[in-house]
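Novice: when you get a sec, could you give me coordinates for this:
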Amino acid sequence: VDSAQRALDVLQRMEDLQINSSSKPQSQSQQQSQQQKVKPDIFTYTSVINALSRRGTEEAASKAKDLLDMIEARYEETKDPDIKPNIRTFTSVINAISRTKVRPERAEEILTRIENSNEYQIDVVCYNAVVNAWGWSTEANKAHRANQIFQRMIELHSSGENVAAKPDVITLNSLLNACAFTSTDDKEDVSTAVDIAINAYELFSKRKYGALNHLTYGTMLMIFNKLLPKNPLRTKLMKNICYHCCQTGNLSGLVVTQLLHGMPIKELKQIFGRAVIFDKSKTVRIDRRRVPKEWSKNESGGSRSRPSKKHSNSR
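Specialist: From the prediction side, this is the model:
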């Protein structure tokens, strides 16, 4: 039995005990005390929904949504503050939908509904979950739809209407993921995804919304590898990303893999110098032991350094 089923079983027992306690002959104060001890509250329900969200199945997402509908209906009927859904409750349901990787519009519908209710201050975690819903889906226009949520977050934050909606690096990486896995069947979708990725990356590069990390750089390189043809423009874009990545100390295995996949050997040698080697099978590799440690400071610490041709070639 998985954790979701165990959580559902515990919830059912709690509700049964609450019903049974109300049917037993006892004083009103005793009855209220007993009911309070076993009464599921919003934290109980949210924990169950969160457990369901980890399954990643349509059935689990449906159960999570049904549970939310039941809680909301019960709250509307009783006005019991102990069972009023909170942002974590909604986010958990959105996560359950996201992990099915289908019909992401269901997640956005929940977001829009709670936005329109004006009862909740929706935080970045909830918005990020909806961006993920689009990014993880197989929808053709998912980069565009994820970007719409991203732009909504920027507008809400910059206007002061909801400062908790301020995008963070998780928002950016989720949006870039949607771009990276855009289908290459439609040239317009590809062009849109590349434009969205570059614009979002440049916005975050200004440090207005926080520092970038190795996933940001690795995913940007993946976007160029997957969505752009091999030509001087792609090489230039990848080279710029590489320099920024090393300058901020974010060189990682993911970044190296993408560089090896898409950068010409000449350009790799220009940046990494003697760190570019050939193994026994004549495959190009980058020996990270020969790379300045500060270029990977998020893994090993060290001071910030900007990679340069002079620095690289002197090794």
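Novice: which pLDDT value goes with the nearest residue to residue 85 once chain neighbours are set aside?
Specialist: Taking C-beta to C-beta, 6 or more residues apart in numbering, and ignoring the residues beside it in sequence, residue 85 has residue 71 as its nearest neighbour in space, at 5.7 Å. To be clear about C-beta, it is placed using only N, CA and C from the backbone, and glycine gets the same treatment. At residue 71, the model reports a pLDDT of 97.
Novice: run through the neighbouring helices and strands of the strand or helix carrying residue 71.
Specialist: Following DSSP states H and E, the helix or strand that holds residue 71 is helix 58-78. The contact analysis (3 or more C-beta pairs under 8 Å, 6 or more residues apart in numbering; DSSP states H and E) places helix 58-78 against helix 42-53, helix 87-98.
Novice: need those helices in TSV (columns: mean pLDDT, distance to residue 145 and mean neighbour count).
Specialist: Output for the helices and strands packed on helix 58-78, formatted as TSV (pLDDT from 0 to 100; distance: least, C-beta to C-beta, whole Å; neighbours: other C-beta atoms under 10 Å):
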stretch	mean pLDDT	distance to residue 145	mean neighbour count
helix 42-53	96	21	21
helix 87-98	98	13	26
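Novice: would you agree residue 249 is in contact with residue 255?
Specialist: No. If you go by C-beta atoms under 8 Å, residue 249 and residue 255 don't touch, sitting 11.3 Å apart.
Novice: of these two, who's got more company?
Specialist: residue 255 (26 against 23; other C-beta atoms under 10 Å).
Novice: quick one: contacts for the more buried one?
Specialist: Counting by C-beta atoms under 8 Å, 6 or more residues apart in numbering, residue 255 touches 214, 217-218, 221, 242, 245.
Novice: among those, which pair sits farthest apart?
Specialist: Pairwise distances across these (C-beta to C-beta) peak at 11.9 Å, for the pair 214 and 242.
Novice: can you pull out the low-pLDDT segments for the protein?
Specialist: 1, 21-37, 299-315 (pLDDT under 70).
Novice: can you rerun that using 80?
Specialist: 1, 18-38, 207, 299-315 (pLDDT under 80).
Novice: which residue would you name as the spatial centre of it?
Specialist: The centroid of the chain falls nearest to residue 174 when counting by C-alpha atoms, centre = their mean (4.4 Å).
Novice: surely it is within a strand?
Specialist: No. Per DSSP: H, G, I helix; E, B strand; the rest coil, residue 174 lies outside any strand segment and is helix.
Novice: got a list of what it touches?
Specialist: Residue 174 sits in contact with 128, 131-132, 135, 146, where contact means C-beta under 8 Å, 6+ apart.
Novice: what is the nearest of these to residue 86?
Specialist: Once C-beta to C-beta is applied, the member of those that ends up nearest residue 86 is residue 128, at 16.6 Å.
Novice: where's that closest one, which helix or strand?
Specialist: Assigned by DSSP H and E, residue 128 falls in helix 124-135.
Novice: on contacts alone, who are the packing partners of that helix?
Specialist: helix 87-98, helix 105-117, helix 142-159, helix 169-180.
Novice: list the buried residues in the longest one.
Specialist: In terms of neighbour count (16 or more other C-beta atoms under 10 Å), helix 142-159 has its buried residues at 142-147, 149-150, 152-154, 156-157.
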